[in-house]
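Undergrad: Have a look; sequence and predicted model below, questions after that.
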Amino acid sequence: MEADFVIVGAGSAGCAMAYRLSATGASVVIIEHGGTDIGPFIQMPAALSYPMNMARYDWGYLSEPEPHLGGRELVCPRGKVIGGSSSINGMVYVRGHAGDYDHWAQSGAAGWGYGDVLPYFKRMEHWHSGGHGGDAAWRGTNGPLHITRGPRDNPLFAAFVEAGQQAGYPVTDDYNGAQQEGFGPMEQTVWQGRRWSAANAYLRPALTRENCTLTRGLARRVVIRDGRAVGIEVARGGKVEIITARREVIIAASSINSPKLLMLSGIGPAAHLAEHGIDVVADRPGVGQNLQDHLELYIQMAASQPITLFKHWNLFSKAMIGAQWLLTKTGLGASNQFESAAFIRSRAGVRYPDIQYHFLPMAVRYDGKAAAEGHGFQAHVGPMRSASRGAVTLRSNNPAEAPKIAFNYMSEPQDWEDFRTCIRLTREIFAQDAFAPFVRHEIQPGVNLQSDDDLDGFIREHAESAFHPCGTCKMGAADDPMAVVDPETRVIGVAGLRVADSSIFPRIPNGNLNGPSIMVGEKAADHILGQGMLATANDVPWENPNWQSSQR
């Protein structure tokens, strides 16, 4: 089998590239190890806790024991399915802040500043305000990716926004528009009641073209001849074969599997490759390094009124919700239930938000375990720009073996200060008058935990990944020894090879990563095709005028 372009990974960025590249008439083969995304566990938004806990859809990765979190091994779900992690994620849509992308450009990723990436966010979006306001001039309305807002008909969603306002924070109609900072509605990649994954938005339309082919298999290594990538060695159907690329090979296999595949192919830290008997093709010490993620806590409150989703947390109600969704694609099953959000700054002197909130009208974990208290609600909260860095490394040269994933969470003193701040600011928000009719008491951390040491113990035991790993094939200037790809997503030192997914992020963006990952696929496609980039935008986002002197 051969094609002009061979893409490894049918995830967020890979699907976008398959769509854009095949639209030009070029032939594309996209390789995906996972299977079909058809079925209610994936397609029903409210069922989001199921696919990320199912071996059928998830690679099942665990971190190494994290030394600063009491030796806990944290789960690291990555989609092993058509659509990749966009088929198992929480469907929250966040672009990130303008400052994130300006930082990319200033750190060596020239051409990736906010003015450069904003046109690609607009190109990919088909935005629906749902009557909840928003910044239409800042949004795209003709792209493949449908973005909607939930009905927010539970009074707790409005109480969260009102409480933020009472605490002195701004309100924003559209955190993906001119003003991220503040409290307001949360957006989701849901359309007509279904999860609108990268597979639904991009891959299925691409596969209607004769020149775009999806093939299942495990990518074992990039085939490199005379310094140029010429194909992918794939295990499928009990055989190992090579799928040849006439023009380029593109890796979009996730921040975990992309560096793994590069290292298996001889691209990475020379000493580490030699340890595993792998011949060095390109000594790139940054491959697998710079691993970042968002950690979060659930601040949970017991509810004084039976208005939370807990009343549906029984088999009969779940069956009724599922039946309504199957028949009509409406009802509680048609939303991820993350319908209010906030982005705030942790302290004076922080230029743009560095804390994110997801509000949920139930006290429950991502693994689907409800709080023993019954009726409750929670805010997921965590810092956005930790300085802690980890690494993805090989266990062996066996392509079927999972790599080592060491996040090194909470390794910087500022992490602890930031998380304590998150807890205390959240408690202040829940203590506002807007929540007075709904709060019974605090479930966790619990009012008895007040000192720094108390809170540090809670953080150590309860901090969880928000499932936003990135950064392991950092994009940067060609003379940066830790850069893996240049600003056109070309792997430095190997011709005909690119990486385009969340692994190339120089620094983690502010918020959930699905939107930025798709944007990378969109923009990388134009680099790959060698055609003109979209015109740079001149939009100037809102900045809190008091950021230097005030926290809010």
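TA: Arrived safely.
Undergrad: where does the stretch 351-500 of the chain dip in pLDDT?
TA: 366-368, 372 (pLDDT under 70).
Undergrad: quick one: the helices in it?
TA: For the stretch 351-500 of the chain, the helices defined by DSSP state H, counting those that start in this stretch cover 413-430, 452-462.
Undergrad: Which positions within the shortest one qualify as buried?
TA: For helix 452-462, the neighbour count (16 or more other CB atoms under 10 Å) marks 455, 458, 459, 460 as buried. For glycine as for every other residue, the C-beta is placed from the backbone atoms N, C-alpha and C.
Undergrad: returning to that earlier point: distance to residue 219 for the helices of the stretch 351-500 of the chain - can I get that in a markdown table?
TA: A markdown table is the format used below for these (distance: least, CB to CB, whole Å):
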| stretch | distance to residue 219 |
| --- | --- |
| helix 413-430 | 35 |
| helix 452-462 | 36 |
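Undergrad: To residue 51, which of those helices lies closest?
TA: helix 452-462 (23.6 Å; CB to CB).
Undergrad: Quick one: work out the angle between the closest one and helix 413-430.
TA: 100 degrees (axes from the mean of the first three to the mean of the last three CA atoms, to 10 degrees).
Undergrad: Give me the helices and strands touching helix 452-462, please.
TA: When contacts are defined as 3 or more CB pairs under 8 Å, 6 or more residues apart in numbering; DSSP states H and E, helix 452-462 sits against strand 295-303, helix 413-430.
Undergrad: Now do that helix: distance to the chain's middle.
TA: 26 Å (CA atoms, centre = their mean, to the nearest Å).
Undergrad: again, but for stretch 518-534
TA: Worked out by CA atoms, centre = their mean, stretch 518-534 lies 20 Å from the chain centre.
Undergrad: for the record, mean pLDDT for it?
TA: The average of the pLDDT scores along stretch 518-534 is 96.
Undergrad: now for the biggest strand by length in the chain, which elements pack on it?
TA: Looking across the chain with DSSP state E, the single longest strand is strand 239-251. Strand 239-251 sits against strand 2-8, strand 218-225, strand 228-236, helix 254-264, strand 497-499, helix 514-529, with contacts defined as 3+ CB pairs under 8 Å, 6+ apart.
Undergrad: In its sheet, which strands sit next to it, and in what direction?
TA: strand 2-8 (parallel), strand 228-236 (antiparallel), strand 497-499 (parallel) (DSSP bridges).
Undergrad: Pull the residues that contact that strand.
TA: The contact list for strand 239-251 (CB atoms under 8 Å, 6 or more residues apart in numbering) reads 1-9, 14, 17, 26-27, 29, 31, 215, 220, 222-223, 229-234, 258, 261-262, 496-501, 524, 528.
Undergrad: before we move on, the earlier item: residue 293: which of the buried residues of helix 452-462 is nearest?
TA: Nearest member of the buried residues of helix 452-462 to residue 293, counting by CB to CB, is residue 459, at 15.0 Å.
Undergrad: and the closest residue to residue 166 other than its chain neighbours, what does it touch?
TA: With CB to CB, 6 or more residues apart in numbering as the criterion, residue 166 has its nearest non-adjacent residue at 4.2 Å, and that residue is residue 432. Applying CB under 8 Å, 6+ apart to residue 432 gives the contacts 162, 163, 164, 166, 167.
Undergrad: how long is stretch 92-108 end to end?
TA: Stretch 92-108 has an end-to-end distance of 29 Å (CA to CA, to the nearest Å).
Undergrad: Hmm, I typed the wrong one, I wanted stretch 303-323.
TA: Stretch 303-323 end-to-end distance (CA to CA) = 28 Å.
Undergrad: now it: how far from the chain's centre is it?
TA: 28 Å.
Undergrad: Show the end-to-end separation of stretch 77-88, please.
TA: 8 Å.
Undergrad: Stretch 317-336 now?
TA: End to end - CA to CA - stretch 317-336 spans 16 Å.
Undergrad: Let the chain start at 36 from now.
TA: New numbering, starting at 36: the last item is stretch 352-371.
Undergrad: That one: which residues count as buried?
TA: 356, 357, 359, 360, 364, 366, 367, 368, 369, 370, 371.
Undergrad: re earlier: what's the closest of the contacts of residue 467 to residue 175?
TA: residue 199 (27.4 Å).
Undergrad: Name the nearest residue to the closest one, sequence neighbours excluded.
TA: residue 218 (3.3 Å).
Undergrad: Regarding the one you found, what is its secondary structure?
TA: strand (DSSP: H, G, I helix; E, B strand; the rest coil).
Undergrad: one step back: please identify which of the helices and strands packed on strand 274-286 is closest to residue 377.
TA: Once the helices and strands packed on strand 274-286 are compared by CB to CB, helix 549-564 is nearest, at 17.4 Å.
Undergrad: got a list of what residue 440 touches?
TA: 96, 97, 98, 99, 111, 291, 326, 425, 427, 504.
Undergrad: and the first one, how far is that from residue 73?
TA: In this structure, residue 96 and residue 73 are separated by 24 Å, where distance is defined by CB to CB, to the nearest Å.
Undergrad: Can you pick out the residue with more neighbours from these two?
TA: Per other CB atoms under 10 Å, whichever of residue 96 and residue 73 has more neighbours is residue 96, with 20 against 10.
Undergrad: so how far is residue 437 from the nearest residue to the more buried one once chain neighbours are set aside?
TA: Spatially, and ignoring its direct neighbours in sequence, residue 96 is nearest to residue 111 (4.2 Å; CB to CB, 6+ apart). Distance, residue 111 to residue 437, using CB to CB: 10 Å.
Undergrad: do residue 47 as well
TA: For residue 47, the distance to residue 437 - CB to CB - is 21 Å.
Undergrad: Which one's more surrounded, these two?
TA: Comparing residue 47 with residue 437 by other CB under 10 Å, the one with more neighbours is residue 47, at 34 against 16.
Undergrad: between the helices and strands packed on strand 274-286, which gets nearest to residue 121?
TA: So among the helices and strands packed on strand 274-286, helix 549-564 is nearest, using CB to CB, at 5.5 Å.
Undergrad: Show me what that closest one packs onto, helices and strands only.
TA: helix 47-57, helix 149-159, helix 233, strand 274-286, strand 532-534.
Undergrad: buried stuff in whichever helix or strand comes after the first one?
TA: Moving toward the C-terminus from helix 47-57, the next helix or strand (DSSP states H and E) is strand 63-67. For strand 63-67, the buried set under the neighbour-count rule, 16+ other CB under 10 Å, comprises 63, 64, 65, 66, 67.
Undergrad: and the helix or strand just after strand 63-67, what other elements does it pack with?
TA: Counting by DSSP H and E, the next helix or strand C-terminal to strand 63-67 is helix 75-78. Judged by 3+ CB pairs under 8 Å, 6+ apart, helix 75-78 is in contact with strand 229-230, helix 350-363.
Undergrad: quick one, which of the helices of the stretch 386-535 of the chain is nearest to residue 133?
TA: That would be helix 448-465 among the helices of the stretch 386-535 of the chain, by CB to CB, at 21.2 Å.
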